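[1] give me coordinates for this.
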Amino acid sequence: EEEEEEEEDNSARGAAIAFARSQLIKQRSEEFHKKYNMEADEAEKEYEEQEKKFRTAKSAFQEKNNKLDDLKAISDIDFRDGELFDLHGQTLSWKTNEYTYTLAWFDQVKQGSTNLGRFDAWVGSDHLAMMYAHGKRCWGGPERSTKVLLQCGPVDAITAVDEPSMCEYEMKVTTPYACTEARLRELNESLESGARIVGVDDVLEVAQNTIE
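    So this is what the prediction gives:
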């Protein structure tokens, strides 16, 4: 009987030890997972924060890179020794019964939303004609292009648009930049006195009649 009681005690003691061990393992496991999850959460937050910083830095770099590209593109443009630089970024528009034409200086010409060409080069050494090329391709024809002819006038204005050949346009634009110094003085004097400006008012009147 004593042996049986001893065996029962040993068995109970073993069971208690096994239970205690399992509880300890469970506790350690929970502590490990808790610590691991906290570290994993912290690592994930750190990753997201670093990724956000990276995206911000990448966006800033791309923006600066784009600005450098824009500056390089502008530096390649012939502004007639800088005289026409102020026109860059300016836009003119002219409406007819069918279309609205727009000229973005040193950028592109449009007929409504149709691209009639991007600034390509000056035509001739007098800097009075600009070629806008590689516009939207015509159906079964060439790419659209526009020659912009600069004429002396007191203001920047589109006065006429023609299509002498298929998909090849010609736009007439008045601007003080196309005037000689003598002609510019004459225009200023006429504007101050209110007198009719020969070679300007008649062109503008024709353009206005065309619009109406």
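[2] what's the first helix or strand after the helix or strand K45 falls within?
    Under the criterion of DSSP states H and E, K45 resides in helix 2-75. Downstream of helix 2-75, the next assigned helix or strand under DSSP H and E is strand 91-95.
[3] follow-up on the earlier one: mind giving me the packing neighbours of the helix holding K45?
    In terms of contacts (3 or more CB pairs under 8 Å, 6 or more residues apart in numbering; DSSP states H and E), helix 2-75 is packed against no helix or strand at all. Yep, even glycine has a C-beta here, placed from its N, CA and C like the rest.
[4] begin at 8 from now on, thanks
    In the new count, where the first residue is 8, that last one comes out as helix 9-82.
[5] gap between it and the chain center?
    Centre-to-centre, helix 9-82 and its host chain are 43 Å apart (CA atoms, centre = their mean, to the nearest Å).
[6] and that helix, what's its mean pLDDT?
    Per-residue pLDDT over helix 9-82 has a mean of 74.
[7] before we move on, what about stretch 99-118?
    95.
[8] swap in stretch 168-182?
    95.
[9] tell me how many other residues surround C159.
    As a burial measure, C159 scores 20 neighbours (other CB atoms under 10 Å).
[10] now swap in the one 4 residues further on and tell me
    Burial of D163 is recorded as 18 neighbouring residues (other CB under 10 Å).
[11] list the contacts of it.
    Taking CB atoms under 8 Å, 6 or more residues apart in numbering, we find D163 in contact with 94, 97, 99, 180-183.
[12] please apply the same query to V180.
    V180 makes contact with 99, 110, 155-158, 163-166, according to CB under 8 Å, 6+ apart.
[13] tell me the one of those nearest K65?
    Proximity of the contacts of V180 to K65 (CB to CB) peaks at L110, which lies at 36.1 Å.
[14] about what we covered before: only the buried subset of the contacts of D163, as a ChimeraX command please.
    This is the ChimeraX syntax for the buried subset of the contacts of D163, where burial follows 16 or more other CB atoms under 10 Å:
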select :94,99,180,181,182
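[15] rebuild the contacts of D163 as JSON lines, extending it with distance to E55.
    As requested, these are exported to JSON lines (distance: CB to CB, whole Å):
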{"residue": "L94", "distance to E55": "47"}
{"residue": "Q97", "distance to E55": "45"}
{"residue": "L99", "distance to E55": "49"}
{"residue": "V180", "distance to E55": "54"}
{"residue": "T181", "distance to E55": "58"}
{"residue": "T182", "distance to E55": "55"}
{"residue": "P183", "distance to E55": "57"}
